[in-house]
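1. sharing a model that was predicted from the sequence below.
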Amino acid sequence: QVQLVESGGGAVQAGDSLRLSCAASGRTFSIYAMGWFRQAPGKEREFVAAISWSGDRTYYADSVKGRFIISRDNAKNTVFLQMNSLKPEDTAVYYCAARSRAVITTSSTGYDYWGQGTQVTISS
């Protein structure tokens, strides 16, 4: 099993930045990739960004490309999501996810472990 704990959410104004963290523990050696997803009220969960466990490949949703950066700290088994130039439409609960199978996917069904989520609220 892999446990994921997110932190760093909060309420900020449009144009501000936030950095989310996701600490992984347990059988981290089984992780192939990590991803961030988000879910706004009344909407489906959507892909935000993903990174290979080695950190050499990253993927982004078009809606966040150029504003968000996903990265990882191997020594701390932690993945980060740096969110810049935040917009009200970025408001959502953000979830960290881990995938133990090869090949990175942007589909939420392709991830095996999930964190509890952290709220991000952007006011205009």
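-> Right, received. Where do you want to start?
2. show me where this protein has strands.
-> 2-7, 10-13, 18-26, 33-39, 46-52, 58-60, 68-73, 78-83, 92-99, 113-114, 118-123 (DSSP state E).
3. residue 107: which of those is closest?
-> Taking C-beta to C-beta, strand 46-52 is the member of the strands of the chain nearest to residue 107, at 7.3 Å. No exception for glycine: its C-beta is placed from N, CA and C like everyone else's.
4. what is the rounded mean pLDDT of the closest one?
-> Average pLDDT, strand 46-52: 96.
5. mind giving me the packing neighbours of it?
-> strand 33-39, strand 58-60, strand 68-73, strand 78-83 (3 or more C-beta pairs under 8 Å, 6 or more residues apart in numbering; DSSP states H and E).
6. wait, what's in contact with residue 67?
-> 83-86 (C-beta atoms under 8 Å, 6 or more residues apart in numbering).
7. brain fart, residue 51
-> Taking C-beta under 8 Å, 6+ apart as the test, what residue 51 contacts is 33-35, 57-59, 70-72, 79.
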